[in-house]
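**Q** Attaching a predicted model along with its sequence, questions to come.
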Amino acid sequence: MVPWIASLLLLGWLRIVVAFAVKGDILWNDMCPGPEKLGRSKVVLDEGKYYGGIQQDGKFTIPGVPAGTYVLSVSTHDFTFDQLRVDILNTTPPAVEVRPYIPGTPLNPPSSVILPHPISLVARQKHDYFVAHESFSLLAMFKNPMMMIMLLTAVMAIGTPYLMKNMDPEALEEMRASQAKIASAQSAFATGDFKSSISALMSDEPAAVPQPQPKAGPAQNKSRSNKNKRR
Amino acid sequence: MRLGRLASSLALVFPIAFALHESDVGVVDWHKKLVGVPLTSSSATAPVFHRVGEETTHSVILTATASNVLAAIYPENGTLGDIFMSRGTTLRASISTKTKVVASLSGPGGATLRTFDILNGHLLLEQRIHEPSHGQLYEPSYLGTSVAYAAEGSDLVVLSNGGLVQRLDNLGTVKWSWSSSDPSALVIFSKVVTTTTHVYAIGLSKTPSSYKLHVAVLSASTGELTQSSDIPSSITAGLNDLMVVRRADEVLVVWLEQGSLKYLTLSPNLQSSSTAVKGSAFKRIVDVGLSEYGQFLAVKDDGSSRIFKLDGSALKSIWEFSASGNTHADPVFSGGRDKKGNPYIAQVRWSHALNQAAVDVYTGHLGKGVMTAYTFPFDTQSHGIITHVTLDCVNPSEMTVVSRLAITTSTGAMQLWQQNQHQWTREESLSTIAVAEFVELPEKVDLSHIPKERETFGQRLQRQIMEAQDFPQYALKFVKRFATGSYASASSAAVAPDSAGKPYRDAFGFRQVIVVATPYSKVFGIDSSNGEILWSRMFGLGWAAETGGSIRPVKLYVTQTVHDGDSPQVVLVAQRRAENTLIDTVVYHIDASSGENVAPGVVDKDVLEGVDIISGPLVESFILLDHKVVVMLDEFLQVYLYPDTKAATASFTRLAPSLHFPLRVNVDGQRRLVGQQVSLNAELSDRFVAHPTWTLSLPPSEDIQTLLPASHEPIASFGKVLGNRTTLYKYLNPRMFALLTASKAQPASCTIYLVDSAKGSVLHRTSVPASEGVCDVHMSLVENWFSYYYYDPEFTGVGQSKGHRMVTVELYEGSQIDEKTKSSELSAFSDKLLDVSAFEQAYIFPHGVTALSTTSTKFGISTKDLIVATKNHKVLSIPRRVLNPRRPNRKVTAEEQEEQLIHYDPLIPDDPRRTLSHNYEVANVRRIVTAPALLESTSLVFAYGLDLFFTRVAPSNTFDVLNENFNKGQLVVTVTGLAVAIMVTRPMVKRKRLRERWYQ
């Protein structure tokens, strides 16, 4: 009985498992300047069977990771860190490949960028949990663009008759003409006749304006080709 | 740049319907940090006072707890220093303290060593000592592990796995390592002691009848084994009867051998022989925490106890505490030291005569030894008995000793007493809540203005004249209130007047009582407005009080609410396990607003006594909601009712034919699901007996994990009107429940079923992969909405990726739009019940999830958000819109836009503004309970696990109260301004009109 147990135990001890210690450190930056700000955090592989706590000096070690592909993430309360794809290769001695990984994208094919090991991670974003109160202030109310337009209209409505009165008849005539032009352009826009509306506006210097129609064509093509490339 | 754009586009896609303001913190929510119940069975894990600093010292209480936490508690106010949490595995902390560093060993066999800064809780070092898979699982768990500081320098000597000794420096580098060569593990080492030259590993080797002491001597510098031998001894009780006492380099092993106290001085060659203490017989030795300073205590057969001191290389008895006799309960001992390092030993015991705890503190260094005695009023009715004491002393002047005691009680509370002054209490059992339920509080009604009966006309006139006196004041107040008064808004604190200790609700019903029961024999009523404990009661053991036993709460039901007219009442169904292994089912009937016992026929005494219902274990229990009758089933599936009244029996008899419920039963060693119905066979039994009606045929490899019944909440709408004016009718089967099974077949998978409890028909079935062979699936089922979380480990397929997944399923009637089967009213046996179609969508969730729940409101009109507790200690809410399974995977059409559908995006964004728990770190949430408030818009959320967290959410915004931004002053000013403007312009216009008439 005893030797049997002993041999079992020995088997347990001698079972050859490729195990690797993933190492790295958190580099403090302005956003997260030290362990006080970071709080109790750990670095986890996948859903958290393998993990390592982040030490006071920012270093972490995830010991005993068997060969395989993992997603490394930092489990922390207040910060966002990048996620990484970690491959422990089944070689002797085991090797590791670290690649960037964007959450929500397929894990395969792996990125061609290989990051160094030990891993360096920096805080990317600090979480802001609160929304500021909408406070009422007279100045803010008048800073509102709608409010400004309203005020301007009011000023115009009151001021225009006086302005017109003081204008000389020639200038008045000119202004009326330009107003009529704008009005016609507006009505053309409303009906969807862009070309005529633009030409109506630009009738003074037609040569200086490039036609918008041909320009839109290549732009569209360009974006489409981009899309293709991404695929 | 790209991230920024993404964030802004997200903000457009998911408008913030509910967001927290910084000023709401602590007003709408509260958070109670807990550490767990201290592990008092070993001196290595039990609470201990620790002093840090040289000149000005700072004390902290260090303890390892049952919740895998190593905690530092400030003795001044009972607040927490920083705590560390070990995850998953049990923390087997061998706390070894030196200056301001504490070391812990955790995991199987002590696989991981961690050191922390005591003052700020920072992790200084984390080091794997051995592979966890090689860890030996000992019982008790701290066996075979020990940590000691090297005599010089800051190196650590660590014993793990019962035989692996390693010396590590403060960077975690192993200087040397020695492993016991005995692979059959007949010798288990459990203690290391360091001297300047040597390291002693002390253990026990098993012999057929008892244990034998075994010592291995290693060189402190190289780890070389210099000597290893058995010491002739016979120890029967194992480690409890063995202790190591030291003073400087003098190390003594002390053990109890057949009633006699023996000791042996350890020397590098192990040549010395053991000596026995003459004169008396001892029954146990007690490590009071002063073994490093050469003192310990031994209890004699007659109950008296002696303090021993290491003097030179011999033991000397320096004091004797007299036996307790019949006047006192068995004592608890503790040692402590003052600022100068002088040792003190205290004996704490319950005095039956004084009904107080009596303390005797022995001070050895003052004269010939000084004894200080006092009592403190320990409340045994609400805290049980003292299980552990740790002592801290000051010696302000000659012959005065002031001591403070940190005690741990059998109900899991920690208390600090300075002499006889109570300083604070931490109810750590709240970290182990078994059941929790919200209970509404009554409204405070002012009864003073209601006239007395039989009032004559004269009296009434007199009263009304008297009351009219106050009218001018009232009118003034009314105008003032009208012009400036602020009203309670949804984000104001829920305060309600307390009168004569009776709690009442606030205007919106945010203040409720959360009744929670813990396995540490205690039930609490927690005020939901601030997290304070309104009342707490300790369970009585009934007949088992003589033998001792424990109470395990199983279910908690609200049997009477304030709407029923009287005080709110709850019924707690619990199982009582007596020391003699007999299990009974007991019911506790409690008034939720005061904690009083309201069980009929039970006199309310000091402790809460229950009503014995079943003399045997409970198989299942549920409540008949409309009749407020609790139904319980015993092993033989006989039905027991509480309250057992005629009316209850009558209503149960009436309902019995339509009762269907699933039951987990063991068939051939496997858990199977069997549908049950009850019937009465008067010839065989006078009780209703359940009989099986259907069995869910599961594949043989599948084993039932969890069963989740649908939550019964008011349903406001029975369908969903789509953009094209057609309707999807919700599938609302009240008998539907969710079932999770784990398959042992390779590859491991988890299967989720939605089953009808009347016929056992499967309405929906999905299989998800089990990550690492474990089914870590969390589910939530409400109305026709089923959502679950799992971890997907598969990534080899095209486009696949590992990650956390959130799946949302909505069930609708019929196979197409506009088809209606009236599922909520259908007979359980109608074939139309299976006519159901499911919409399903899966999302990538950024975090691991520990608990799921949906918000619940009074009438069910507000949308239901999903409340999620994540592994990074947050509580989030996910809007229902995001989890709509009908989100189109293409451009949103105008019709869909009308339905407020948004384009399908596989990733649920991690929006910090949706974090309900904001800055709070809510650790290890196990369950989330939600309850409606009186406001339809608002739902109360209570999350418990290790910590407690409460907040309130408004998933569809607070549409039924004035917006908090509503500025009454502005409105009043505008209205007044307009009135003034009208008054000014009115004569002007009149004049103008008149002039126009004249001059036209």
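**A** Everything's here; your move.
**Q** Break chain A into its domains for me.
**A** Residue ranges for the domains of chain A, per automatic domain parsing: A:18-126, A:138-212.
**Q** Mind checking these for the one nearest to chain B?
**A** domain A:18-126 (3.8 Å; CB to the nearest CB). (Glycine included, C-beta is placed from N, CA and C.)
**Q** Any part of that closest one near chain B?
**A** Yes: counting by CB under 8 Å from any CB of the partner chain, chain B is contacted by domain A:18-126 at A:19, A:21, A:35-36, A:39-40, A:42, A:46-49, A:51-56, A:60-61, A:63-64, A:69-71, A:75-78, A:80, A:103-108, A:124-125.
**Q** Helices of chain A, start to end?
**A** Remark: helices assigned in chain A by DSSP state H are A:2-14, A:35-38, A:138-143, A:145-166, A:169-191, A:194-201, A:212-230.
**Q** Now do the fourth one against helix A:169-191, angle only.
**A** Taking axes from the mean of the first three to the mean of the last three CA atoms, to 10 degrees, one finds that helix A:145-166 is oriented at 140 degrees with respect to helix A:169-191.
**Q** tell me which parts of the stretch 651-800 of chain B are close to chain A?
**A** Going by CB under 8 Å from any CB, the residues of the stretch 651-800 of chain B near chain A are B:771-772, B:776, B:791, B:793, B:795-796, B:798-800.
**Q** Pull the most distant pair out of those.
**A** Greatest spatial distance in these: B:Asp776 and B:Val798, 25.7 Å, computed using CB to CB.
**Q** Which neighbouring residues are in contact with A:Leu89, exactly?
**A** Residues near A:Leu89 by CB atoms under 8 Å, 6 or more residues apart in numbering or on different chains: A:67, A:95-97.
**Q** Kindly report the same for B:Lys628.
**A** With contacts defined as CB under 8 Å, 6+ apart, B:Lys628 is in contact with B:559-560, B:564.
**Q** Which one of these is nearest to B:Glu635?
**A** B:Thr559 (24.6 Å).
**Q** Return the helix or strand in chain B with minimum mean pLDDT.
**A** helix B:2-13 (a mean of 41; mean pLDDT, DSSP states H and E).
**Q** Tell me the strands beside the following helix or strand past it, with direction?
**A** Downstream of helix B:2-13, the first helix or strand assigned by DSSP states H and E is strand B:30-32. Paired with strand B:30-32 in the same sheet, following DSSP bridges, are strand B:948-953 (antiparallel).
**Q** who touches the partner strand?
**A** With CB under 8 Å, 6+ apart as the test, strand B:948-953 has contacts from B:18, B:28-32, B:34, B:430, B:490, B:510, B:514, B:526, B:528, B:531, B:855, B:865, B:867, B:875, B:877, B:916-917, B:920, B:922, B:925, B:933, B:938-943.
**Q** how close does A:Ala171 get to A:Gln179?
**A** 12 Å (CB to CB, to the nearest Å).
**Q** wait, I meant B:Leu781
**A** 66 Å.
**Q** One more: B:Ala111?
**A** With CB to CB as the criterion, B:Ala111 and A:Gln179 are 85 Å apart.
**Q** These two: which has the busier surroundings?
**A** B:Ala111 (24 against 10; other CB atoms under 10 Å in any protein chain shown).
**Q** Now for the more buried one: which residues touch it?
**A** For B:Ala111, the contacting residues are B:89, B:105, B:128-132, B:135, B:160-161, by CB under 8 Å, 6+ apart.
**Q** at 6 Å what do you get?
**A** B:Ala111 sits next to B:129-130, B:132, B:135 when contact means CB atoms under 6 Å, 6 or more residues apart in numbering or on different chains.
**Q** and the closest residue to it other than its chain neighbours, backbone torsions?
**A** Nearest in space to B:Ala111, with sequence neighbours left out and distances taken as CB to CB, 6 or more residues apart in numbering or on different chains, is B:Pro132 at 4.3 Å. Dihedral pair for B:Pro132: phi -60, psi -30, per degrees, to the nearest 10.
**Q** B:Pro132: how many residues sit nearby?
**A** Close neighbours of B:Pro132, defined as other CB under 10 Å, add up to 18.
**Q** pretty sure it is in contact with B:Gly109, am I right?
**A** No: using CB atoms under 6 Å, B:Pro132 is not in contact with B:Gly109, being 7.8 Å away.
**Q** What is the neighbour count of B:Lys744?
**A** With other CB under 10 Å as criterion, B:Lys744 counts 12.
**Q** ok, it - contacts?
**A** By CB under 6 Å, 6+ apart, the contact list for B:Lys744 reads B:Ser701.
**Q** Please list all residues in contact with A:Pro35.
**A** Applying CB under 6 Å, 6+ apart, the residues near A:Pro35 are A:56, B:122.
**Q** that older thread, quick one: which of the contacts of A:Leu89 sit in strands?
**A** Of the contacts of A:Leu89, the ones assigned to strands by DSSP state E are A:95-97.
**Q** Let me have those in TSV, adding neighbour count as columns.
**A** Shown next, in TSV, are the ones in strands among the contacts of A:Leu89 (neighbours: other CB atoms under 10 Å in any protein chain shown):
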residue	neighbour count
A:Ala95	13
A:Val96	17
A:Glu97	14
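**Q** I appreciate the help and will end here.
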